[in-house]
Structures are given as C-alpha cells and as structure tokens.
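Colleague: Let's see this in three dimensions:
(one chain, ligands or ions: 1)
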Amino acid sequence: MAWFSLTADVKHEELERTESILHDCEPSGLEVRDGPGGMPGIRAPASGEAIVVAYFDGKVAASKAEKELKKSNPAARTTIEKVEDKDWSTEWKTRIKNVTVGRLWVGPPWDVEKAAPHLMRLVIEPKMAFGTGDHPTTSLCLAAVDMFMAAHAGASVLDIGTGTGVLAFAAAKLGASRVVATDNDPVAVALAKEAARENDIDGVEISTKSLKQVSGTFDLVVANILANTLIELAPLIVPKVGKRLVLAGILAPQAESVSGTFVKRGLTALEPTAQGEWVRLDFERR
Ligand SMILES: C[S@@+](CC[C@H](N)C(=O)[O-])C[C@H]1O[C@@H](n2cnc3c(N)ncnc32)[C@H](O)[C@@H]1O
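Modeller: Residues are numbered from 1 along each chain as shown. I've put the predicted structure just below:
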C-alpha cells in the first residue's frame with residue numbers, strides 16, 4: 001500500500017477544527033505548520049493561515065478525509081499527493097546540513113570527514129535541542145562570535161538560550177577566557193553538557209540558572225531566542241553586557257521594537273545583519 005498526504009491550507013482560526021476533523025479520520029500522522037520560519041525547504045503557511053498535513057495509508061482514505069474537511073470548511077485549499085518511498089528512519093538526516101562560518105565548521109557526526117582540515121570543528125548530534133548550526137539564526141550568531149573573538153582575544157562570553165551549546169562551544173574553541181551558557185530547558189542543558197564532553201570542551205559553565213543567578217559581566221553576550229522573550233529579558237540581559245550584545249531569533253518586522261527596547265536601556269545599536277527573513281541585532285556598550 002502506498003502512502004498519501006492530504007495537505008490543507010486553512011485560515012488560522014480554522015486550525016483547531018481542521019486538526020480535529022482530520023484526527024477523526026484516523027491518519028497515520030498529522031503535521032501542523034502554524035508560523036513563519038519553519039524548516040528550510042518546507043513550505044510555510046501564508047500570513048494568517050496554517051497548514052495541516054495528514055498522512056494516510058492509501059488514496060481512498062486521503063480522499064475520504066478531504067471530503068470530510070470540505071464539508072465543514074469549503075474554503076480549505078487541499079491537495080493530495082503520493083508520498084515518495086523513502087527510508088524514514090534516515091531521511092531526516094539529509095535535512096541536517098553542515099555549515100562553515102568564519103573559522104568554524106559545525107555539523108553532524110556523519111559529515112565530519114567533509115570538514116576542511118584548517119577549520120575548528122564542532123560536532124553536534126541532532127537531538128531534542130535547537131542549534132545544529134544550519135538554522136539562519138544560529139549561523140548569524142556563529143559569524144558574530146567568530147568576528148568578536150578575532151578582535152578580542154580571551155574575551156568572556158555569556159550565551160543565553162544555549163540549546164545544544166553550539167555558540168558557547170564556538171566561543172570556547174575560539175579562545176574565550178570564561179564561557180557561561182544558560183537555558184531554561186533542562187533537557188537542552190543535559191544535551192549541551194553531553195555535547196561539551198563529545199567535543200572535548202572543558203570549563204564551559206552550563207546550567208538552567210536564571211540571569212539573576214549569573215555573576216559578573218561579559219565582554220560578549222549572545223542570545224538567540226525569540227523576539228518577545230528578548231524584550232521580556234531585556235532588564236536582565238543589559239546589565240550583563242560588558243562590550244557587545246548580539247541578539248537573534250528576530251524576524252524582520254520585529255527588529256525595530258527589539259532594537260528600541262535595548263537602545264532605551266543604554267546600548268548603542270550597530271548595523272543589523274539579515275539572512276532571509278531573520279535579523280541579527282548587534283549592540284555596543286559605549
Ligand atoms: C533558538 S534556540 C537557540 C539555540 C542556540 N543558542 C543556537 O543559537 O542555535 C533558543 C533556546 O533558548 C531557550 N530559551 C527560551 N526561553 C528562554 C529563557 N527565558 N531563558 C533561557 N533560555 C530560554 C530555549 O530552550 C532554546 O534552547
């Protein structure tokens with residue numbers, strides 16, 4: 001039996017109902033895309049809309065589900081496609097790309113032999129934490145860390161929302177004197193500690209500590225989180241900044257309000273850097 005996917009583009013307010021209708025049709029899997037900035041190469045929903053993809057064992061089941069959905073939401077735009085035969089157990093691996101940023105190579109273990117010998121390698125096994133290097137927000141920050149460390153040998157670095165630890169490890173490899181990495185997700189912290197061991201990186205302080213519990217200021221503070229969280233954390237982030245602050249996880253339309261928040265607190269905004277829809281904001285303490 002072949003697999004078929006039913007893809008439905010619906011208004012955002014129809015999302016829950018669409019999910020529930022398709023769920024009742026007993027698909028083998030249901031995927032929801034309800035925001036911008038999803039996986040590279042995967043179609044994102046139009047503004048104000050969401051995409052629901054349901055997978056069925058056979059075309060008849062997919063067509064039945066399409067009819068059910070159309071009964072309650074005739075405006076839903078639907079397509080049924082045959083799902084190409086793939087080895088699903090390894091297919092996801094092909095989506096993880098290694099990246100070279102400045103002096104750094106970041107990639108999964110199965111790509112290590114592709115790393116040019118002169119680069120510093122960070123091997124990150126994709127697990128349940130964000131930060132394999134290939135997301136634009138991560139590579140924007142890697143570039144900033146590389147440039148800052150080139151100009152400030154032995155700088156101290158604070159990585160807020162460390163995920164896999166990738167930015168903290170980059171700083172450590174590039175000669176940082178003190179590196180502190182925090183994340184409010186204990187799973188990410190456990191995985192980052194594991195990745196530090198796997199990359200022979202010693203001395204990075206990785207924890208779920210809140211910023212209030214982190215002592216001292218840092219030459220470089222980097223935070224790749226989402227815009228609203230950065231705005232919320234601004235009163236705690238700004239006092240930690242010695243020389244430079246790098247913020248990412250910000251979509252282009254959000255850049256102005258994030259920038260304004262940090263400028264109001266006394267930092268000077270530098271030229272922003274964009275990659276696709278994502279923007280990195282750099283600030284200096286003058
Ligand atoms: C987009 S990931 C960034 C991971 C990595 N630093 C990178 O650049 O690829 C954001 C991380 O921030 C963490 N996070 C979200 N809100 C947070 C908060 N209020 N305090 C600390 N970490 C937070 C998440 O758990 C997640 O691991």
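Colleague: residues in contact with S5?
Modeller: When contacts are counted by C-beta atoms under 8 Å, 6 or more residues apart in numbering, S5 is found next to 53-56, 62, 80-81, 83. The C-beta positions use only the backbone N, C-alpha and C, and glycine is treated the same way.
Colleague: Confidence-wise, which of these comes last?
Modeller: For the contacts of S5, the model is least confident at V83; its pLDDT is 83.
Colleague: Does that one touch F4 like I think?
Modeller: Yes - counting by C-beta atoms under 8 Å, a contact exists between V83 and F4, whose distance comes to 6.4 Å.
Colleague: who's more crowded, these two?
Modeller: F4 (21 against 14; other C-beta atoms under 10 Å).
Colleague: so how far is the ligand from that one?
Modeller: F4 sits 33 Å away from the ligand, going by C-beta to the nearest ligand atom, to the nearest Å.
Colleague: That residue belongs to a strand?
Modeller: Yes - counting by DSSP: H, G, I helix; E, B strand; the rest coil, F4 is part of a strand.
Colleague: wait, V32 sits on E49?
Modeller: No - counting by C-beta under 8 Å, E49 is not a contact partner of V32; they are 11.8 Å apart.
Colleague: Who has more neighbours out of those two?
Modeller: E49 (18 against 15).
Colleague: list the contacts for the more buried one?
Modeller: For E49, the contact set (C-beta under 8 Å, 6+ apart) comprises 9-12.
Colleague: Around the ligand, pick out the residues from the stretch 51-200 of the chain.
Modeller: In this structure, the stretch 51-200 of the chain approaches the ligand at residues 129-131, 137-138, 141, 160-163, 166-167, 182-185, 188, judged by C-beta under 6 Å from any ligand atom.
Colleague: In strands, which of those residues fall?
Modeller: Restricting these to those inside strands, with DSSP state E as the criterion, leaves 160, 182.
Colleague: Just the buried ones out of the residues of the stretch 51-200 of the chain next to the ligand, please.
Modeller: Buried residues within these, defined by neighbour count using 16 or more other C-beta atoms under 10 Å: 129-131, 137-138, 141, 160-163, 166-167, 182-183, 185, 188.
Colleague: that older thread, so what's in contact with V83 and F4 at the same time?
Modeller: With contacts taken as C-beta under 8 Å, 6+ apart, the residues that reach both V83 and F4 are Y55.
Colleague: on that earlier part again, now intersect the residues of the stretch 51-200 of the chain next to the ligand with the helices, please.
Modeller: Using DSSP state H, the members of these that fall in helices are 137-138, 141, 166-167, 188.
Colleague: Lowest-confidence member of these, which is it?
Modeller: Note: of those, the lowest pLDDT belongs to A188, at 91.
Colleague: mind listing what that one touches?
Modeller: Each residue near A188 by C-beta under 8 Å, 6+ apart is listed here: 128-130, 162-164.
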